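**Student:** My questions are about this predicted structure, shown below with the sequence.
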Amino acid sequence: MKALPRIGVLVSGRGSNLAALISACACGDLPAQIALVISSKPDVPALAIAATTGIPTRVVAPKSYASRQAEGAAIVAALQEAGVELVVLAGYARLFDPGVIAAYRWRIINIHPSLLPAFAGSMAPGPQAAALAAGVKFAGCTTHFVTEATDAGPIIDQAVVPVRDDDTVASLADRILAAEHRLLPASVAAVLAGAVTVIDGRRTQRRVTQGSGADARD
Ligand code: GRF
């Protein structure tokens with residue numbers, strides 16, 4: 001039997017998207033193996049989630065390295081040592097050194113809690129708060145390939161949720177998060193299936209395949 005593709009997941013906190021990826025792998029919706037979880041912070045819930053399911057973990061904390069370049073080199077070394085083919089940023093609160101992006105060009109996926117390019121550039125709950133403050137009627141989340149420009153790489157997929165008149169930042173963030181938990185595993189599956197092609201380095205085209213996540217937008 002062919003070995004499952006190995007993915008690496010980078011986290012910094014709560015880990016609910018990591019949990020969604022683990023569930024999707026377990027039920028077969030995401031035909032992949034999570035080979036390594038790297039956290040930029042020690043003692044975060046995401047590390048505990050990985051450990052309880054037996055996934056190897058590493059902490060690569062910025063303060064342990066003299067430069068962002070050295071931190072990036074440590075990340076690439078850990079990913080390569082684990083045989084990781086595709087990297088998923090699931091609530092990872094660091095910007096990568098360009099060396100990491102070059103080592104995994106078009107093989108790093110991020111999820112952002114807004115309909116990019118709107119409300120780019122800050123961590124949750126910044127984008128959700130900004131959406132509410134702007135009075136938009138629809139919000140959502142975006143999966144995209146990571147490039148050197150923050151939150152601006154080619155969009156893989158998006159999921160839309162309504163904004164209600166009585167929403168708080170917390171209630172809107174919860175609604176978006178539920179959509180994230182469907183969108184991220186579906187996007188990773190689509191990329192692994194070879195169904196997502198980057199055009200001109202700026203946008204993507206999707207070949208619809210069974211299980212490629214085309215139904216993740218409901
Ligand atoms: C999510 O909202 C994700 O979109 C953003 O950070 C948050 C991480 O949440 N990048 P969790 O750690 O996956 O629960």
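**Tutor:** Structure received. All of these numbers come straight from a predicted model, not from anything done at the bench.

**Student:** Surely I108 touches H144?
**Tutor:** No. With contact taken as CB atoms under 8 Å, I108 and H144 are classed as non-touching, separated by 9.6 Å. Every C-beta, even on glycine, is put in place using the N, C-alpha and C of the backbone.

**Student:** What residues does this protein have near the ligand?
**Tutor:** 13-17, 46, 90-91, 111-113, 124, 141, 177, 180 (CB under 6 Å from any ligand atom).

**Student:** With just CA atoms, put stretch 4-14 into CSV.
**Tutor:** Presented in CSV, the C-alpha positions along stretch 4-14 are these (Å, rounded to 0.1, in the frame of the first residue of the first chain):
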residue,chain,number,x,y,z
LEU,A,4,0.3,8.5,3.1
PRO,A,5,1.8,11.9,2.4
ARG,A,6,3.4,13.4,5.5
ILE,A,7,2.3,16.8,6.6
GLY,A,8,3.8,19.1,9.3
VAL,A,9,1.5,21.4,11.3
LEU,A,10,2.8,24.6,12.9
VAL,A,11,0.9,26.1,15.8
SER,A,12,1.2,28.7,18.5
GLY,A,13,-1.8,28.3,20.8
ARG,A,14,-5.3,26.7,21.2
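
**Student:** That stretch: how far from the chain's middle?
**Tutor:** Using CA atoms, centre = their mean, to the nearest Å, the mean C-alpha position of stretch 4-14 is found 8 Å from that of the whole chain.
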